[in-house]
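Enquirer: please find the sequence and the predicted model below.
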Amino acid sequence: NVDNENSQSRFGIRGSGSMGGGFRVGARIEIGLDENNSGQVSDYDDQTRISDIDLRRVEIWFDHKRIGRLWMGKGPTASDNIANSDLSGTSVITTGAIAKLAGGINFHNNGTPTGLLIGDFYNNLDGNSRKNRVRYDTPTFFGFQFRVSYDAEDVVSMGIFYEGNPFNIKTIKLAASFGMVYAPGRGATDPTSGNPGNSNTYSGSVSAMHVPTGLSITFSMGTEVSHTPKSISNKNPWVWYIKLGWTGKPFPIGKTAFSIDFGRGDNFEDSGSRLWTIGVGFVQKIDRSATELYVGYRFHHAYTRTTG
């Protein structure tokens, strides 16, 4: 048994109250239980050696509907989830972050383990996750919201998010996000000085659903650019992912969702490395017990310049 990293086991406390004048204040503490993480188990060891209590969120916020919201403490940065817009209903089991489910599994070449892992070849470049930061969110205008944050590691994140019915077309639902992360000192190493350069990550995603039929399409893409002189062996990594999905209610117990997806990651393991992946996922909700049952299958194929 593993804990699905796409939806980590967690518990928490949250509260909010009015300050008067339209201002509100709130706080949130959320703790994750990182036991036998699905992204860390391997084909040689189905029990991870690390059991962590993950402080996912310890934060306070101040909010006014006309001014926006200010966050302080540990929590999602402004770029968190920029690569994860997804209306398919299957993101618990099929997602662009494929390493969260099988990142520790070895690739084999003609039956021989290579020592190279799925997580070495692919990263969906989904922003800067959760950090100790200060973050500001604008109010939502016509479905759009802009976010910006600065964290304790001097990393700046920005993101713009949209969710709604474009042009007020009720039969179409759209979710989209795009953002960037500026990370000083995290780029490729300058071969002359030996100092690390700066890194910019650009990533985005869009998901559209035709509401009457439940059909959806999701696409994400991202790249990481190092701003420093680099040798040819240090190409910038990039990734893309596409998913076709369907959501409906053929059974009275709750909604059913199915999807098939494809993805590709380049230059993560080394210059010229590539991974292709294809996956299918099925999710069945049981409304009475607030439960999701899901099953998925994924195939990966990868090569490197050195191992083929």
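Expert: All right, it came through fine.
Enquirer: and K100, that one's in a helix?
Expert: Yes: using DSSP: H, G, I helix; E, B strand; the rest coil, the secondary structure at K100 is a helix.
Enquirer: I figured it was touching S7, is that so?
Expert: No: applying Cβ atoms under 8 Å, one finds K100 not in contact with S7, separated by 9.5 Å. Backbone N, C-alpha and C define where each C-beta goes, glycine included.
Enquirer: for the two, work out which one has more neighbours and name it.
Expert: Shown here are K100 and S7; by other Cβ atoms under 10 Å, K100 has more neighbours (19 against 14).
Enquirer: which one is that one nearest to, not counting chain neighbours?
Expert: With Cβ to Cβ, 6 or more residues apart in numbering as the criterion, K100 has its nearest non-adjacent residue at 4.0 Å, and that residue is E5.
Enquirer: so that neighbour makes contact with L101?
Expert: Yes: with contact defined as Cβ under 8 Å, E5 and L101 form a contacting pair (6.9 Å).
Enquirer: show me which of these two is the more surrounded one.
Expert: The neighbour comparison of E5 against L101 (other Cβ under 10 Å) goes to L101, with 22 against 19.
Enquirer: who are the neighbours in contact with the nearest residue to L215 once chain neighbours are set aside?
Expert: Leaving out its chain neighbours, the residue that sits closest to L215 by Cβ to Cβ, 6+ apart is W246, at 5.7 Å. With Cβ atoms under 8 Å, 6 or more residues apart in numbering as the criterion, the residues that contact W246 are T213, G214, L215, S216, A257, F258, S259.
Enquirer: what do you get for W240?
Expert: Counting by Cβ under 8 Å, 6+ apart, W240 touches F219, S220, M221, G263, R264.
Enquirer: gap between it and G75?
Expert: Remark: distance between W240 and G75 (Cβ to Cβ, to the nearest Å) = 28 Å.
Enquirer: partner strands of the one helix or strand G12 maps to, with direction?
Expert: In the assignment (DSSP states H and E), G12 maps to strand 10-20. Strand 10-20 sits in its sheet next to strand 23-35 (antiparallel), going by DSSP bridges.
Enquirer: quick one: buried residues of the strand it pairs with?
Expert: Of the residues in strand 23-35, those with enough neighbours to count as buried (16 or more other Cβ atoms under 10 Å) are R28, I29, E30, I31, G32, D34, E35.
Enquirer: before we move on, what about stretch 56-64?
Expert: R56, R57, V58, E59, W61, D63.
Enquirer: what sits up against that stretch?
Expert: Residues outside stretch 56-64 that contact it (Cβ under 8 Å, 6+ apart): 8, 10, 12, 19, 22-32, 69-76, 130.
Enquirer: partner strands of the helix or strand hosting L275 and their direction?
Expert: Remark: L275 resides in strand 274-286, with elements defined by DSSP H and E. Using DSSP bridges, the strands paired with strand 274-286 in its sheet are strand 256-266 (antiparallel), strand 291-303 (antiparallel).
Enquirer: out of the ones you listed, which gets the lowest mean score?
Expert: Lowest mean pLDDT within these: strand 291-303, a mean of 92.
Enquirer: what about it, distance to the chain center?
Expert: The offset between the C-alpha centroid of strand 291-303 and the centroid of the whole chain comes to 16 Å, using Cα atoms, centre = their mean, to the nearest Å.
Enquirer: got the buried residues for it?
Expert: Neighbour-count burial for strand 291-303, counted by 16+ other Cβ under 10 Å, picks out E292, Y294, G296, R298, H300, A302, Y303.
Enquirer: any idea how far the second one is from D63?
Expert: It stands for Y294. Computed as Cβ to Cβ, the Y294 to D63 distance reads 34 Å.
Enquirer: next: the fifth one.
Expert: Counting by Cβ to Cβ, the gap from H300 to D63 is 43 Å.
Enquirer: equivalent analysis for the third one, please.
Expert: Separation of G296 from D63 (Cβ to Cβ) stands at 37 Å.
Enquirer: helix or strand: which one has R56?
Expert: Element membership for R56, per DSSP H and E: strand 51-64.
Enquirer: mind listing what that strand pairs with, with the direction of each?
Expert: When DSSP bridges is applied, strand 51-64 pairs with strand 23-35 (antiparallel), strand 68-76 (antiparallel).
Enquirer: would you turn those strands into JSON lines with distance to G185 and mean pLDDT?
Expert: Below are the strands paired with strand 51-64 laid out as JSON lines (distance: least, Cβ to Cβ, whole Å; pLDDT from 0 to 100):
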{"stretch": "strand 23-35", "distance to G185": "27", "mean pLDDT": "90"}
{"stretch": "strand 68-76", "distance to G185": "21", "mean pLDDT": "97"}
